[in-house]
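Peer 1: Starting from these lines, generate the structure:
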Amino acid sequence: MVHLDSDLLRTFVSVADTRNFTRAAHEVGRTQSAVSMQMKRLEAMVGEPLFERGPRGVALTARGTELLVNARRVVDLIDETAAALRAPDLEGRVRIGIPEEYSASVLSRALSSFAKAHRQVEVLVRYGRSSLHTDALERGDIDLAVVFEWESEPQGEVLMQDPTVWTTSDQHCVHEERPVPVALYESPGWCSEFAIELLKARSIDYRVAYRSDTGNGLRLAVSSGLAIAPLSRSNIPPGCRELTAVDGYGLIDSSSVVMYRRPGATGKATTAMADAIREAFKANAGGAGAD
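Peer 2: Coordinates of the predicted model:
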């Protein structure tokens, strides 16, 4: 009979989710070598390889995919039990405004940890441009706002630095065309303005080939080879890359991701959500690159 301890399963789930030993090590608070040893031990116990290494990280084998389902159940049950034992019984409502770019990479992680501890709290999320969230916060329509700022000294809590860059598809290389096709947000704003100013400063001829009202729309334009687009560095899709000064481009801006709290929003539910968002951004920023 194989006896699997929860620590091994937790590390396994983290590697499977991040597809990267370095990021997984950051998540579980271990060194990369310790994570590698744990996974070798787990594979020895299972008797089959669980991962295949590739140029962009690791992928699950068929046996690994099969194990992941049950491993996740075990880890989630342990986390839910621990959260229920230590967390205060919070109720109420918390309202969040956050850029769409972070819905999958950050907010999903924050909501997962928050929900395990505070299932009675109602969560309302708004996606949109930073200016919309700032206005909503001032009106009292939301309790927490995560926004992009390019001020040298933001007044809120800086969660990470995430500059905006021009992005192209590795496969299509449309950045080499002239005029270069570009994708922009449908609504005018600082992102589009700064992006176009950079092209003008670099004397790069361009044509607007695509417009979208969402960041995911811009990601699609880039990954499909339709156009280059201004995206936050952390939001570059797989198979695409940043256009650097070597390519004749460079940073569009050096924006910070900043969290603001509505004055008077002092409730425990809002505080707990702010903590969850902060920790999720830390996890998202930790470790990059394939092993």
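
Peer 1: CA atoms for contacts and neighbours, from now on please.
Peer 2: Will do.

Peer 1: so how many other residues sit close to Asn284?
Peer 2: Using other Cα atoms under 10 Å, the number of residues around Asn284 comes to 20.

Peer 1: So which residues of the stretch 51-200 of the chain form helices?
Peer 2: All helices of the stretch 51-200 of the chain, identified by DSSP state H, counting those that start in this stretch, fall at 62-86, 108-117, 130-139, 190-201.

Peer 1: can you put the ones you listed in JSON lines and add mean neighbour count?
Peer 2: Formatted as JSON lines, these follow (neighbours: other Cα atoms under 10 Å):
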{"stretch": "helix 62-86", "mean neighbour count": "15"}
{"stretch": "helix 108-117", "mean neighbour count": "18"}
{"stretch": "helix 130-139", "mean neighbour count": "17"}
{"stretch": "helix 190-201", "mean neighbour count": "16"}
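
Peer 1: Which of those comes out lowest on mean pLDDT?
Peer 2: When the helices of the stretch 51-200 of the chain are ranked by mean pLDDT, helix 62-86 comes last with a mean of 81.

Peer 1: Show me how far it is from its chain's centre.
Peer 2: 22 Å (Cα atoms, centre = their mean, to the nearest Å).

Peer 1: same question, stretch 111-128
Peer 2: Between the centre of stretch 111-128 and the centre of its chain there are 17 Å (Cα atoms, centre = their mean).

Peer 1: again with stretch 146-157
Peer 2: For stretch 146-157, the distance to the chain centre is 18 Å (Cα atoms, centre = their mean).

Peer 1: Please apply the same query to stretch 245-254.
Peer 2: Worked out by Cα atoms, centre = their mean, stretch 245-254 lies 22 Å from the chain centre.

Peer 1: who touches that stretch?
Peer 2: With contact meaning Cα atoms under 8 Å, 6 or more residues apart in numbering, stretch 245-254 is reached by 150, 161-166, 194-195, 198-199, 202, 230, 243-244.

Peer 1: Mind doing that once more with 10 Å?
Peer 2: 148-152, 161-167, 175-176, 190-199, 201-204, 230-233, 242-244 (Cα atoms under 10 Å, 6 or more residues apart in numbering).

Peer 1: Over to stretch 106-113?
Peer 2: With Cα under 10 Å, 6+ apart, stretch 106-113 has contacts from 76, 79-80, 83, 98-104, 114, 118, 123, 125, 273-285.

Peer 1: Weed out the non-buried ones from these.
Peer 2: Among the contacts of stretch 106-113, those classed as buried by 16 or more other Cα atoms under 10 Å are 76, 83, 98-102, 114, 118, 123, 273-274, 276-281, 283-285.
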